[in-house]
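**Q** generate a structure from the sequence data that follows.
(chains A and B)
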Protein chains: 2
Amino acid sequence: MDTSNGTNDKIRIAVDAMGGDFFPKNEILGAILALKEKGDKLEITLVGNENLIRDFLQKQSYVNKELKVVHAEEVINMHDVPSETYKTKPKSSLSVALDLQKDKKLDALISTGNTGAVLANSILKLGRIKGVGRPTIGSLFPTDSGETMVFDVGASVDCKPTHLLEFAVMGSVYMNHVFNIEKPKVGLLSVGEEKSKGSELSIETFRLLEKSNLNFIGNVEGGDILRGKTDVIVCDGFVGNIILKFTESVLDLLKSKFKQYADKGFFKKIWIGMMNKTLRVVIKDFDYQGYGGVHLLGINGVTIIGHGKSTPLAIKNMIFRGEEVVRKKVNEQIKRVLSENN
Amino acid sequence: MDTSNGTNDKIRIAVDAMGGDFFPKNEILGAILALKEKGDKLEITLVGNENLIRDFLQKQSYVNKELKVVHAEEVINMHDVPSETYKTKPKSSLSVALDLQKDKKLDALISTGNTGAVLANSILKLGRIKGVGRPTIGSLFPTDSGETMVFDVGASVDCKPTHLLEFAVMGSVYMNHVFNIEKPKVGLLSVGEEKSKGSELSIETFRLLEKSNLNFIGNVEGGDILRGKTDVIVCDGFVGNIILKFTESVLDLLKSKFKQYADKGFFKKIWIGMMNKTLRVVIKDFDYQGYGGVHLLGINGVTIIGHGKSTPLAIKNMIFRGEEVVRKKVNEQIKRVLSENN
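**A** Take a look at the predicted model:
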């Protein structure tokens, strides 16, 4: 295997074939979609139960030398304690894929497995970037004028002010290099706009952000997340995770309310089809599939994490995101900006 | 003035006439609406600039001996630091109204003024119920099957586990006596369902709730808030406030997205009217107006806080809520249940 990952080389992506709710089907179909579109730029390794994967591949009658298979004996399942799988399942697809990345034989990992397991295995196998106390995952939220990314949404629950500063650095680099935003506007999630408002954590973090060389615009409130004032919003993973899951449920409730009112005859049933179609168009912006998963920032390597329900399209987009992150050397940029803010 | 507030007496409500965005108009119209509907059960005192209030009252040609006016010289405005108004504006409508309550000449206060100012004045004037470390305000969220109330949504930002236990006690009493729910189901907001999941604060709070005599159902996640699993959800005021404000903005974004797609001609414009009408029906459940404001729980007295944009209808409902809380002796119940859980 070639061990370089320069701009013109093929990027070598591992796909955890045993992660998602529909494994290995969606993982394999996603990998095939990716290679059909960008076969000249990618090399994909499906990691998991080799027999299962080859059986499924055969049915697809898809042959491509850039699609490789590496066997992994163990499968992480719902009975495992995610954070302990690093120890309890050393031969899982996650573990095998990350070992290959650690040995520089692969450049990035795509997984739709249990988030806690992906986080723990990635952080423990690959280690943290020097200067990063806590790795982070962000999630994109649609806004009136585009989108904003909230860090952290669940990788790091109890945070110190320095951790939130690191999230702001990593988030800024990510939005700058991956989303091509010149000077990403960073907001600190709090309960008031004034510097003096907030929790002990947020007030102390404000002081650090103020002194940083980031484009810090100050505190933002819960109501500002979707209002397009920022490109990056930082908060601890407890708050971020609750908001992320809450968001998904708001849309579920709206759909269910629409249906309830329809059943009650509040408006003619014939309109419901139209209504649902419209709602679907409108909430498409909240859809994780187009975003290509979330990047675990702050580790010495590249891990992209996706929803267990990821479709082949979502997995294809995750693969492309992984490729982009490697090609743009996001980790090198993080190291540079971190060193400027320490 | 009669100083009793027994079940058959009229409940004596103070309305802060200088609080809302449209003062004193909506406050006065709300008070009139309340008296027209329940004049036999209420006595209302409008507190604020007497000339302004009497001028407006005269234009309404409404005369009712149960509608009184008490003058207050000062008005709290946007240049005041809310938490300091207790000291800087000792003759504000808030301050005057709370002094009357402290002296047992009134039973409850309704205010749509700055929340921070209402909180600080109420807590400092009336004091906390014995055993309550932090007063709390809750907010109702609609669910598939009814509604759930989240405590705290902004009164207490940095909390200890004992504070969250107190919120659970006060929230349970409130949902039991005001919403007539037999054994309110209490959930602890966290980032995982397991007992071991969450922040240091939530994990320690879990232990306290488990030992309490409340109907504690365990951790709930952000996605469970709207799913009808609980009657009461507890979290610190930092998280709760962010979720509350976020919720309002989701609906704003949806409305704006509907409009954008309509303008782009994604579907025929003639449908838009229908669509908006439907959306309005659907999101009515999120509307604060029907809920009659939020009750500041944990103080030696009754304060109901409303949105600055409250309509006369909303203010009327706040007055009714105040009456109910006094009549049902909610504070006595809180003292009782707190003593059982200490």
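
**Q** does any part of stretch A:154-166 sit near chain B?
**A** Yes: Stretch A:154-166 lies within reach of chain B by Cβ under 8 Å from any Cβ of the partner chain, at A:154, A:157, A:158. From N, CA and C alone the C-beta is placed, and that goes for glycine too.

**Q** is it true that the last one lies in a strand?
**A** Right, the one you point to is residue A:158. No: counting by DSSP: H, G, I helix; E, B strand; the rest coil, residue A:158 falls outside a strand, being coil.

**Q** surely it touches residue A:164?
**A** No: applying Cβ atoms under 8 Å, one finds residue A:158 not in contact with residue A:164, separated by 11.5 Å.

**Q** what do those two both touch?
**A** Between them, residue A:158 and residue A:164 have residue A:236 as joint contacts when contacts are counted by Cβ atoms under 8 Å, 6 or more residues apart in numbering or on different chains.

**Q** out of these two, which sits in the more crowded spot?
**A** Under the criterion of other Cβ atoms under 10 Å in any protein chain shown, the comparison of residue A:158 against residue A:164 puts residue A:164 first, with 27 against 16.

**Q** so the nearest residue to the more buried one once chain neighbours are set aside is in which element?
**A** Excluding the flanking residues, the one nearest residue A:164 by Cβ to Cβ, 6 or more residues apart in numbering or on different chains is residue A:205, at 4.3 Å. Element membership for residue A:205 (DSSP states H and E) is helix A:200-211.

**Q** just the mean pLDDT for that helix, thanks.
**A** The average of the pLDDT scores along helix A:200-211 is 97.

**Q** report all helices and strands that the helix or strand following that helix contacts.
**A** Note on helix A:200-211: by DSSP H and E, the next helix or strand toward the C-terminus is strand A:215-220. The contact analysis (3 or more Cβ pairs under 8 Å, 6 or more residues apart in numbering or on different chains; DSSP states H and E) places strand A:215-220 against strand A:185-189, helix A:200-211.

**Q** need these in JSON lines with distance to residue B:244 and mean neighbour count, can you?
**A** Shown next, in JSON lines, are those (distance: least, Cβ to Cβ, whole Å; neighbours: other Cβ atoms under 10 Å in any protein chain shown):
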{"stretch": "strand A:185-189", "distance to residue B:244": "13", "mean neighbour count": "25"}
{"stretch": "helix A:200-211", "distance to residue B:244": "17", "mean neighbour count": "18"}
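
**Q** below-threshold pLDDT in chain A: ranges please.
**A** Applying pLDDT under 70 to chain A flags the ranges A:1-8, A:258, A:261-292.

**Q** at 50 what do you get?
**A** Applying pLDDT under 50 to chain A flags the ranges A:1-6, A:289.

**Q** what about the strands in it?
**A** A:11-16, A:42-48, A:67-71, A:108-111, A:136-143, A:146-151, A:185-189, A:215-220, A:232-234, A:294-297, A:303-305 (DSSP state E).

**Q** out of these, nearest to residue B:84?
**A** The closest of these to residue B:84 is strand A:215-220. By Cβ to Cβ, the value is 19.3 Å.

**Q** look up how far chain B lies from residue A:129.
**A** From residue A:129 across to chain B, the span is 24 Å (Cβ to the nearest Cβ, to the nearest Å).

**Q** please name the residues that touch that residue.
**A** For residue A:129, the residues meeting the contact criterion (Cβ under 8 Å, 6+ apart) are A:298, A:299, A:300, A:331, A:334, A:335, A:338.

**Q** contacting residues for the residue of the stretch 1-150 of chain A found nearest chain B?
**A** At 5.7 Å from chain B, residue A:144 is the closest residue in the stretch 1-150 of chain A, using Cβ to the nearest Cβ. Residues in contact with residue A:144 (Cβ under 8 Å, 6+ apart) are A:226, A:227, A:228, B:253, B:256.

**Q** the stretch 201-342 of chain A: helices as residue ranges?
**A** Per DSSP state H, counting those that start in this stretch, the stretch 201-342 of chain A carries helices over the ranges A:237-263, A:270-283, A:312-327, A:330-340.

**Q** how about the residues of stretch A:154-166 next to chain B in CSV, adding distance to residue A:214?
**A** Compiled in CSV, those are given as follows (distance: Cβ to Cβ, whole Å):
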residue, distance to residue A:214
A:154, 22
A:157, 23
A:158, 23
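
**Q** closest to residue B:195 among these?
**A** Of the residues of stretch A:154-166 next to chain B, the one sitting nearest to residue B:195 (Cβ to Cβ) turns out to be residue A:157, at 14.6 Å.

**Q** so residue A:179 sits right up against residue A:231, yeah?
**A** Yes: counting by Cβ under 8 Å, residue A:179 does reach residue A:231; the two are 7.5 Å apart.

**Q** look at these two and report which has more neighbours.
**A** It is residue A:231, of residue A:179 and residue A:231, that has more neighbours when counted by other Cβ under 10 Å, with 25 against 14.

**Q** how is chain A partitioned into domains?
**A** For chain A, automatic domain parsing gives the domain ranges A:11-132+A:298-340, A:136-241, A:245-284.

**Q** do you know how far residue A:257 is from residue A:251?
**A** 11 Å (Cβ to Cβ, to the nearest Å).

**Q** comparing the two, which residue is more hemmed in?
**A** residue A:257 (21 against 18).

**Q** so what's the residue most central in space within chain A closest to, chain neighbours aside?
**A** Nearest to the centroid of the C-alpha atoms of chain A, with distances taken as Cα atoms, centre = their mean, sits residue A:294, at 0.8 Å. The shortest distance from residue A:294 to any non-neighbouring residue, by Cβ to Cβ, 6+ apart, is to residue A:137 (4.7 Å).

**Q** now do residue A:189
**A** Counting by Cβ to Cβ, 6+ apart, residue A:189 lies nearest to residue A:235, which is 3.8 Å off, once chain neighbours are set aside.

**Q** try residue A:54
**A** Among residues not flanking residue A:54 along the chain, residue A:69 sits closest, at 6.4 Å (Cβ to Cβ, 6+ apart).

**Q** list the beta-bridge partners for that neighbour.
**A** Residue A:69 has these beta-bridge partners by DSSP bridges: residue A:46.

**Q** is it in contact with residue A:53, as I believe?
**A** Yes: contact status for residue A:69 versus residue A:53: in contact at 5.2 Å, counting by Cβ under 8 Å.

**Q** the two: who's more crowded?
**A** Between residue A:69 and residue A:53, counted using other Cβ under 10 Å, residue A:53 has the larger neighbour count: 26 against 18.

**Q** quick one: contacts for the more buried one?
**A** Taking Cβ under 8 Å, 6+ apart as the definition, contacts of residue A:53 comprise A:17, A:24, A:28, A:46, A:69.

**Q** check residue A:159 too.
**A** For residue A:159, the contacting residues are A:134, A:152, A:201, A:236, A:237, by Cβ under 8 Å, 6+ apart.

**Q** ok so, going back, show me which of the contacts of residue A:129 is closest to chain B.
**A** The closest of the contacts of residue A:129 to chain B turns out to be residue A:298 (Cβ to the nearest Cβ; 18.6 Å).

**Q** what is the burial count for the closest residue to that closest one other than its chain neighbours?
**A** Of all residues not flanking residue A:298 in the chain, residue A:135 sits nearest, at 3.5 Å (Cβ to Cβ, 6+ apart). By other Cβ under 10 Å, the residues close to residue A:135 number 24.

**Q** surely residue A:135 and residue A:128 touch.
**A** Yes: applying Cβ under 8 Å, one finds residue A:135 in contact with residue A:128, separated by 6.1 Å.

**Q** find the residues that touch each one of those two.
**A** Common neighbours of residue A:135 and residue A:128 (Cβ under 8 Å, 6+ apart) are A:298, A:299.

**Q** let me know whether residue A:210 touches residue A:216 as I believe.
**A** Yes: at 6.3 Å, residue A:210 counts as touching residue A:216 under the criterion of Cβ under 8 Å.

**Q** ramachandran angles for the residue nearest to residue A:298?
**A** The phi and psi values for residue A:135, taken as degrees, to the nearest 10, are phi -60, psi 160.
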